[in-house]
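**Student:** Below is the structure, and that's it, no one-letter string:
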């Protein structure tokens, strides 16, 4: 038993997800005995930026926010770019936020919470390429390895993963 | 400060290393504030099984076992198959073992300690494909997610990473 034994965390992926930004948090939470589920626009197999396969065993519309403690959205340009086009994905992220569940985003993942409309007035970081998109969505953007603003946790790139996970585990504990 | 703040751990990689079997332990130990170094037969860039790049900033002959607390050898068929052919690599692993430093191997990585001649009489696990090679090298092979026998820590595949890292962190603490 750890502090995370009964926690359930969803991961949102599409083709092109950044390998380590998905797998490091996923295995790390499992090391803490949390349960992880992988979701996408529909169930099936997806491939990372470098071709690492992952199975989405949920479609976003079948995720139940009330049964989850948080969502992690990996970066990798292609993955959040595809995910944000799905109303089922953005509705899920919006409902997670409304229920004050953890929303964790890294790198380009910020596009999904932008399209879910949950970032106005928040403090966050992201990969510098999408800084302008965050600012235009009302974010107080800072260039730091990890930023925690209430239920929103954000980091910039794979080099931040150790600090991103410390913050996520702290939040869920 | 954590229990691992002053620990130094080397990773041995070659082209074809299994992505998560290298990166998950590496980032995980960094999350615990350990220092990691990446070594190969020579310095330079290497690619994982799926093409994820990593830089080896040491050649095996320049590693100093007395300045290290352990070595992690990832699997991925191609990587240990290449590493074991280098006397500098196997001499390093042998000296780590002689100094009772941690030797951690996962999946196909067992080929390197076999060629270093350090496994006779040990209890260990590995990916099932190399079971016979381990048995012929004098190993008491068991099919378990993680096996700790003195300074030797072994696991079977990426699905064992949470338990592999719990054992590694316990050992180094």
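**Tutor:** Now that the structure is in, tell me what you want to look at. Model, not experiment: these values are computed from the prediction.
**Student:** now the strands for chain A?
**Tutor:** A:8-12, A:35-40, A:44-47, A:53-56, A:58-59, A:70-73, A:102-106, A:123-124, A:140-141, A:146-149, A:152-155 (DSSP state E).
**Student:** Can I get the ones you listed in CSV including mean neighbour count?
**Tutor:** Heads up, the C-betas are built off the backbone N, CA and C, glycines and all. Shown next, in CSV, are those (neighbours: other C-beta atoms under 10 Å in any protein chain shown):
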stretch, mean neighbour count
strand A:8-12, 24
strand A:35-40, 19
strand A:44-47, 15
strand A:53-56, 15
strand A:58-59, 18
strand A:70-73, 26
strand A:102-106, 27
strand A:123-124, 20
strand A:140-141, 18
strand A:146-149, 18
strand A:152-155, 27
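**Student:** Can I get the ones you listed in a markdown table including mean pLDDT?
**Tutor:** Output for the strands of chain A, formatted as a markdown table (pLDDT from 0 to 100):
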| stretch | mean pLDDT |
| --- | --- |
| strand A:8-12 | 98 |
| strand A:35-40 | 98 |
| strand A:44-47 | 98 |
| strand A:53-56 | 98 |
| strand A:58-59 | 98 |
| strand A:70-73 | 98 |
| strand A:102-106 | 98 |
| strand A:123-124 | 98 |
| strand A:140-141 | 98 |
| strand A:146-149 | 98 |
| strand A:152-155 | 98 |
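**Student:** Without its sequence neighbours, what residue ends up closest to the residue nearest the centre of chain A?
**Tutor:** Central residue of chain A (C-alpha atoms, centre = their mean): residue A:73, 1.9 Å from the mean position. Of all residues beyond its chain neighbours, the one nearest residue A:73 is residue A:109 (3.8 Å), with distances taken as C-beta to C-beta, 6 or more residues apart in numbering or on different chains.
**Student:** right, and the one you found touches residue A:75 too?
**Tutor:** Yes - at 4.7 Å, residue A:109 and residue A:75 qualify as touching, with contact defined as C-beta atoms under 8 Å.
**Student:** Give the residues shared as contacts by the two.
**Tutor:** Jointly contacting residue A:109 and residue A:75 under the rule C-beta atoms under 8 Å, 6 or more residues apart in numbering or on different chains are residue A:21.
**Student:** wouldn't residue A:147 be in contact with residue A:163 here?
**Tutor:** No - taking C-beta under 8 Å as the definition, residue A:147 is not a contact partner of residue A:163, at 10.0 Å.
**Student:** Can you pull the residues that touch both of these two?
**Tutor:** residue A:155.
**Student:** where does chain A come near chain B, residue by residue?
**Tutor:** Residues of chain A found near chain B (C-beta under 8 Å from any C-beta of the partner chain) are A:19-20, A:23-24, A:27-28, A:30-31, A:48, A:50-52, A:158, A:161-162, A:165-166.
**Student:** Can you select the buried ones from those in PyMOL?
**Tutor:** Buried members of those, defined by 16 or more other C-beta atoms under 10 Å in any protein chain shown, are picked up in PyMOL with:
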select buried, chain A and resi 19+20+23+24+27+28+30+31+48+50+52+158+161+162+165
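**Student:** out of the strands of chain A, nearest to residue B:128?
**Tutor:** Ranking the strands of chain A by proximity to residue B:128 (C-beta to C-beta) places strand A:53-56 first, at 20.3 Å.
**Student:** In terms of secondary structure, what does the closest one contact?
**Tutor:** strand A:35-40, strand A:44-47 (3 or more C-beta pairs under 8 Å, 6 or more residues apart in numbering or on different chains; DSSP states H and E).
**Student:** What strands flank it, and is each parallel or antiparallel?
**Tutor:** strand A:44-47 (antiparallel) (DSSP bridges).
**Student:** what sits against the closest residue to residue A:101 other than its chain neighbours?
**Tutor:** In space, and not counting its chain neighbours, residue A:101 is closest to residue A:70: 5.4 Å by C-beta to C-beta, 6+ apart. Remark: with contacts taken as C-beta under 8 Å, 6+ apart, residue A:70 is in contact with A:7, A:9, A:10, A:96, A:101, A:102, A:103, A:104, A:168, A:171, A:172.
**Student:** Let's see that with 6 Å instead.
**Tutor:** A:9, A:101, A:102 (C-beta atoms under 6 Å, 6 or more residues apart in numbering or on different chains).
**Student:** if I look at it, how far off is residue B:111?
**Tutor:** Distance, residue A:70 to residue B:111, by C-beta to C-beta, to the nearest Å: 40 Å.
**Student:** Kindly report the same for residue A:99.
**Tutor:** For residue A:99, the distance to residue B:111 - C-beta to C-beta - is 50 Å.
**Student:** Please say which of the two ends up with more neighbours.
**Tutor:** Taking other C-beta atoms under 10 Å in any protein chain shown, residue A:99 and residue B:111 do not tie; residue B:111 has more neighbours (25 against 12).
**Student:** Excluding sequence neighbours, find me the nearest residue to the more buried one.
**Tutor:** Nearest one to residue B:111, counting by C-beta to C-beta, 6+ apart, is residue B:80 at 4.4 Å.
**Student:** Hmm, residue A:58 is touching residue A:40, no?
**Tutor:** No - in this structure residue A:58 lies outside contact range of residue A:40 using C-beta atoms under 6 Å: 7.9 Å.
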